[in-house]
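Chemist: Sequence unavailable; structure follows:
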Ligand code: F6P
């Protein structure tokens, strides 16, 4: 059997490389000048999301070459394999079925010969009933008081999704309830979260797929102790702790009745899980109906991704444009810049989704890759970033492709805030694309010595995503868009976007160090000389 040629040796890749050599230096000014309707032609209006990708350094030919690459990579078949429950997560021998979490009732998706959709809906119903009880004040704490505070304890996918989505959909949340999200093993996170809370009115949601994660278990034990110190009876745990997990055995070992466990399955990856039971805190905040609307949004994007031709397929197009910069222009990062304050944690959420998924260096069969894979994803909501790091995006030497995300309607229409926000939202991609040339700066009467400093080269690529309003459905669509974008890229790069072995080594080493830090007599340190010295210094100083 002859080995598959490296991706960079395929005809589709080589065609893109020679196309790149031709158009790499073409300026967006020129592209817009030669194509009068570029701004509307290079746009997509699907499932309620409008994408303007005209301010990218590409032509119609680039898109068709990129689409050929996607076709050649077997993307169509891979999409089919994922949606139908094939075990495409080969290193863990698992199906990848977050799309089943939002499949409508009555759908049939089989894993190992069993339709998983009825179980998904049974858990959603159980979550809805529980959320309604908390929201209605009908779930009483151990001393008979209704729950006022909900603390989600989890990390990674068991934290970032619900924490991001809670902020994103806060407008729809029950303001009589207080929510916090504890993730860090730093005791400060838990200490601050419980500082002003009354244990009699507090519910802890322990969210962990494996229920073995050091951070979450440590935080959960601390929360348990805090509760028991006040309530003085183990029986109180049943009223103040619930678990979200795939691991019933560990949940009951911890002391949570599995009656109070909301289940999900090993075919849901951690970073793809907030629309599973992991979203319980969010559902309590926004209610079962809003949660369902969000799932419907996810599903709409799933269907679009599964069925639309690649040229008109939002996640595929965004992935291909990202690949164009990542692999041909050598861009190292991707900024995601939401112009909505509610999306304050969106980029943080995307960091796990994208970088844990596509931060890989070998193909599915273990061969090292000779091309770049996942980008560094970063960003904060506009307009704050404009007064921090946009300087570098405009005038620095690095090429930073940006996704701008904005909404036509404000959820908080205060005076003219929204028009001003959106004016910035439209102005930034315009400035980045077209810049301001030296002669234009000079024509403004700028002193000679300042001209080069005040010149903007432009030709900085952006996508603009414009959505009517930040609703639960819109959030679902947006998240599914990025999920499928990541999947598309992983497929073309031939990597497994669904494992995360890269996080293991640090975990193992930390476990070995814990007893060395707490030992009362001097431990024998057998690390490298740097780590040994650091541990020794820490041990000396922590006692002072
Ligand atoms: O960071 C590694 C990781 O396994 C993530 O993939 C996951 O979301 C997180 O840890 C938390 O895992 P768990 O939900 O099992 O506690």
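Modeler: Received it, and whenever you're ready, just let me know what you need. Please read these numbers as outputs of a predicted model, since none were measured by experiment.
Chemist: Can you read off the pLDDT for residue 543?
Modeler: pLDDT recorded at residue 543 is 80.
Chemist: what about it, how many neighbours?
Modeler: Neighbourhood size, residue 543 [other Cβ atoms under 10 Å]: 6. For glycine as for every other residue, the C-beta is placed from the backbone atoms N, C-alpha and C.
Chemist: Once you drop chain neighbours, what's closest to the residue nearest to the spatial centre of the chain?
Modeler: What sits nearest the mean C-alpha location of the chain, by Cα atoms, centre = their mean, is residue 350, with 2.6 Å. Counting by Cβ to Cβ, 6 or more residues apart in numbering, residue 350 lies nearest to residue 377, which is 5.1 Å off, once chain neighbours are set aside.
Chemist: The one you found looks like it's in a helix, true?
Modeler: No - counting by DSSP: H, G, I helix; E, B strand; the rest coil, residue 377 is not found in a helix; it is strand.
Chemist: in stretch 252-268, what's buried?
Modeler: Going by neighbour count (16 or more other Cβ atoms under 10 Å), the buried part of stretch 252-268 is 254, 256, 260, 261, 262, 263, 264, 265, 266, 267, 268.
Chemist: Please apply the same query to stretch 34-46.
Modeler: By 16+ other Cβ under 10 Å, the buried positions in stretch 34-46 come out as 38, 42, 44, 46.
Chemist: so how far is residue 70 from the last one?
Modeler: Meaning residue 46. According to Cβ to Cβ, to the nearest Å, residue 46 stands 17 Å off from residue 70.
Chemist: State the mean pLDDT of the helix or strand where the residue nearest to the centre of the chain lies.
Modeler: Assigned by DSSP states H and E, residue 350 belongs to helix 346-350. Averaging pLDDT along helix 346-350 gives 98.
Chemist: Quick check: next helix or strand after it?
Modeler: Using DSSP H and E, the helix or strand that follows helix 346-350 in sequence is helix 357-358.
Chemist: thinking again about what came up before, mind giving me TSV with the buried residues of stretch 252-268 and columns for secondary structure?
Modeler: Formatted as TSV, those follow (three-state DSSP):
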residue	secondary structure
254	helix
256	coil
260	helix
261	strand
262	strand
263	strand
264	coil
265	coil
266	coil
267	coil
268	coil
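Chemist: that older thread, surely the residue nearest to residue 350 is in contact with residue 356?
Modeler: No - shown here, residue 377 and residue 356 do not form a contact pair, counting by Cβ atoms under 8 Å, at 10.5 Å.
Chemist: Tell me how the chain divides into domains.
Modeler: Domain segmentation of the chain under the TED database yields 7-73+308-499, 99-291, 504-543.
Chemist: how about these in CSV, adding distance to residue 302?
Modeler: Formatted as CSV, these follow (distance: least, Cβ to Cβ, whole Å):
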stretch, distance to residue 302
domain 7-73+308-499, 6
domain 99-291, 5
domain 504-543, 30
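Chemist: Any residues of the protein in contact with the ligand? List them.
Modeler: 155-158, 208-210, 213, 216, 270-271, 356, 500, 503 (Cβ under 6 Å from any ligand atom).
Chemist: try it again with 5 Å
Modeler: Residues of the chain found near the ligand (Cβ under 5 Å from any ligand atom) are 156, 157, 158, 208, 209, 210, 213, 216, 270, 500, 503.
Chemist: isn't the last one right next to residue 352, touching?
Modeler: No - using Cβ under 8 Å as the test, residue 503 is too far from residue 352 to be in contact (10.3 Å).
Chemist: The two: which is more packed in?
Modeler: In this view residue 503 and residue 352 are compared by other Cβ under 10 Å, and residue 352 has more residues nearby, 19 against 11.
Chemist: what residues are up against the more buried one?
Modeler: 156, 157, 160, 271 (Cβ atoms under 8 Å, 6 or more residues apart in numbering).
Chemist: Find the nearest non-adjacent residue to residue 115, please.
Modeler: Among residues not flanking residue 115 along the chain, residue 108 sits closest, at 5.0 Å (Cβ to Cβ, 6+ apart).
Chemist: Tell me the confidence at that neighbour?
Modeler: For residue 108, pLDDT reads 97.
Chemist: Determine which of the domains of the chain approaches residue 88 most closely.
Modeler: Closest approach to residue 88 among the domains of the chain (Cβ to Cβ): domain 7-73+308-499, 7.1 Å.
Chemist: mind checking how far residue 227 is from the ligand?
Modeler: In this view, residue 227 and the ligand are 20 Å apart by Cβ to the nearest ligand atom, to the nearest Å.
Chemist: burial count for that residue?
Modeler: For residue 227, using other Cβ under 10 Å, the count is 23.
Chemist: what mean pLDDT does the helix or strand containing it have?
Modeler: Counting by DSSP H and E, the element that carries residue 227 is helix 214-231. Regarding helix 214-231, the rounded mean pLDDT is 98.
Chemist: Helix or strand next in line after it, which one?
Modeler: helix 237-240.
Chemist: What helices and strands are in contact with that following helix?
Modeler: Contacts defined by 3 or more Cβ pairs under 8 Å, 6 or more residues apart in numbering; DSSP states H and E place helix 237-240 against strand 202-207, helix 214-231.
Chemist: Report the rounded mean pLDDT for the first one.
Modeler: The pLDDT scores in strand 202-207 average 98.
Chemist: please begin residue numbering at 541 from this point
Modeler: Done: numbering now begins at 541, and the last item shifts to strand 742-747.
Chemist: For it, name the packing helices and strands.
Modeler: Secondary-structure packing of strand 742-747 (3+ Cβ pairs under 8 Å, 6+ apart): strand 689-693, helix 754-771, helix 777-780, strand 781-785, helix 820-826.
Chemist: count of neighbours near residue 931?
Modeler: If you count neighbours by other Cβ under 10 Å, residue 931 ends up with 10.
Chemist: Specify the beta-bridge partners of the residue nearest to residue 890.
Modeler: Counting by DSSP bridges, residue 917 forms beta bridges with residue 874.
Chemist: for it, what are its contacts?
Modeler: 873, 874, 875, 876, 887, 890, 891, 894, 895.
Chemist: repeat for residue 863
Modeler: So residue 863 contacts 606, 609, 1029, 1032 (Cβ under 8 Å, 6+ apart).
Chemist: how close does it get to the ligand?
Modeler: Counting by Cβ to the nearest ligand atom, the gap from residue 863 to the ligand is 24 Å.
Chemist: Find the helix or strand that that residue is a member of.
Modeler: Applying DSSP H and E as the criterion places residue 863 in helix 854-863.
Chemist: can you give me the offset of that helix from its chain's centre?
Modeler: Offset of helix 854-863 from its chain centre (Cα atoms, centre = their mean, to the nearest Å): 16 Å.
Chemist: That's all I had, so thanks and see you.
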